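1. starting from these lines, generate the structure:
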Amino acid sequence: MKPHILVVDDEPVALKSLTDILRLEGYRVVGVESGQAAVEYLRSHYVDLMIVDLRMPGMSGLDVIHVANEISPDTEIILLTAYGSTESAIEALRLRIHDYLLKPAAPSQVLASVKRGLARREAKLRAKGGGVLADVEDETAPPIELQDGTRVDFSRREIRRGKDVAHLTPAEGRLLRVFFDNIGRVFTHRELVLLVQGYETAYHEAPEILRPLVSRLRRKLAKFPILADCIVSVRGTGYVFELTL
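-> Numbering: from 1, shown residues only. A predicted model of the protein is given here:
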C-alpha cells in the first residue's frame, strides 16, 4: 500500500499544488485547510507523513506538531513556511520534525524531502522492533508493583498509588519503559532519542530534544516518592535510572 500523506495549509492554492504533486507520484494524499482539521484527521487515521504550514489561523503549525507528537508519534513531519526564522527552526527541531522547508519550495525539493522522511520512518519502526507491533507487545505486559504499592502499568500508560495517578504520553511511556528495562545503566542523550523517538540525532541536538521530555516525566514521577528521584542526570553524558525493585 502506498504511503499516506496529510497536507495542512490554509492557502487553497498551495494546498492544491502540494496535493496534486504528491498524487502524481502515486501517494495517497489528503489535504486540510486548518490545524484543527489536521488534529481531527490524525485522531482517526494512520498517517505516514504530514506536511504542515507554520502560520495558520487558530492552531499554528507548531501547535499541530505538539499534538501530533502525542497522538501520532510515528508520523514524520515536514514544516513548510514562507516565514522562516532561526527561532521557529530551533523550536521545530525540538519538536521532532523531519525537515524544515521555505516557501516556495520546488516540487523536486518537496518530493526529495518526502522520500527521505518516509525512509526515516521505516528506519524508526525497525529501530523500535517493528513500530506498531512494539506498542502492541506493551499491551500484554503485566503491571509492575513496587515496594510501596506504586503500580506502573505500561499497557495503560499510567502510574498509580492510592488516589494518586499520573497518565503518560506515548513518548513518556517509552522512555520510562527503557529506564525500567535498564535500571542502573547510563544512557547517552543520543541513545535515548534513538530508543524513544526512533531516529539518530547530532550530539548537540540530542540533549535539546530529550530535555523537555525528561522534565515532563520527572514532574509526573514526583507524585510518587519511590520514583521521585529515580531519573539522575549524568553530567556531560545523559541519564541513569536508579531504583531498587
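
2. Val30 is in contact with Tyr41, correct?
-> Yes. Contact between Tyr41 and Val30 holds when scored by CB atoms under 8 Å: they sit 6.6 Å apart. Any C-beta I mention is one placed from the backbone N, CA and C, and that applies to glycine too.

3. now do the shared contacts for these two.
-> Common neighbours of Tyr41 and Val30, counting by CB atoms under 8 Å, 6 or more residues apart in numbering, are Leu6.

4. and the closest residue to Glu11 other than its chain neighbours, how many residues sit next to it?
-> Spatially, and ignoring its direct neighbours in sequence, Glu11 is nearest to Asp53 (7.3 Å; CB to CB, 6 or more residues apart in numbering). Neighbourhood size, Asp53 [other CB atoms under 10 Å]: 26.

5. quick check, pLDDT for Asp53.
-> Per-residue pLDDT puts Asp53 at 91.

6. that one and Asp20: what is the separation?
-> 16 Å (CB to CB, to the nearest Å).

7. lowest average confidence, helix or strand, in the protein?
-> Ranking every helix and strand in the chain by mean pLDDT, DSSP states H and E puts helix 132-139 at the bottom, with a mean of 39.

8. after that one comes which helix or strand?
-> Remark: after helix 132-139, the chain's next helix or strand is strand 144-145, criterion DSSP states H and E.

9. what comes into contact with that following strand?
-> Contacts of strand 144-145 (CB under 8 Å, 6+ apart): Arg151, Val152, Asp153, Phe154, Phe180, Leu245.

10. go through the helix or strand just after that strand and flag the buried ones.
-> With elements assigned by DSSP H and E, the helix or strand that comes after strand 144-145 is strand 151-153. Neighbour-count burial for strand 151-153 flags Arg151, Val152, Asp153 (criterion: 16 or more other CB atoms under 10 Å).

11. put together CSV for these, with pLDDT and distance to Arg216 on each row.
-> Listed next are these as CSV, based on pLDDT from 0 to 100; distance: CB to CB, whole Å:
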residue, pLDDT, distance to Arg216
Arg151, 95, 20
Val152, 95, 16
Asp153, 94, 18
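
12. from these, which is closest to Val7?
-> Among the buried residues of strand 151-153, Asp153 lies closest to Val7 (CB to CB), at 37.0 Å.

13. from Phe180, how far out is that closest one?
-> From Asp153 to Phe180 the distance is 12 Å (CB to CB).

14. all strands of this protein, in order?
-> 4-8, 28-32, 49-53, 76-81, 99-102, 144-145, 151-153, 158-161, 164-167, 186-188, 231-234, 238-241 (DSSP state E).

15. which one of the ones you listed has the poorest average confidence?
-> Minimum mean pLDDT among these: strand 99-102, a mean of 83.

16. which other helices and strands does it contact?
-> strand 76-81, helix 86-94, helix 107-127 (3 or more CB pairs under 8 Å, 6 or more residues apart in numbering; DSSP states H and E).

17. distance check, Pro73 against Tyr46.
-> 12 Å.
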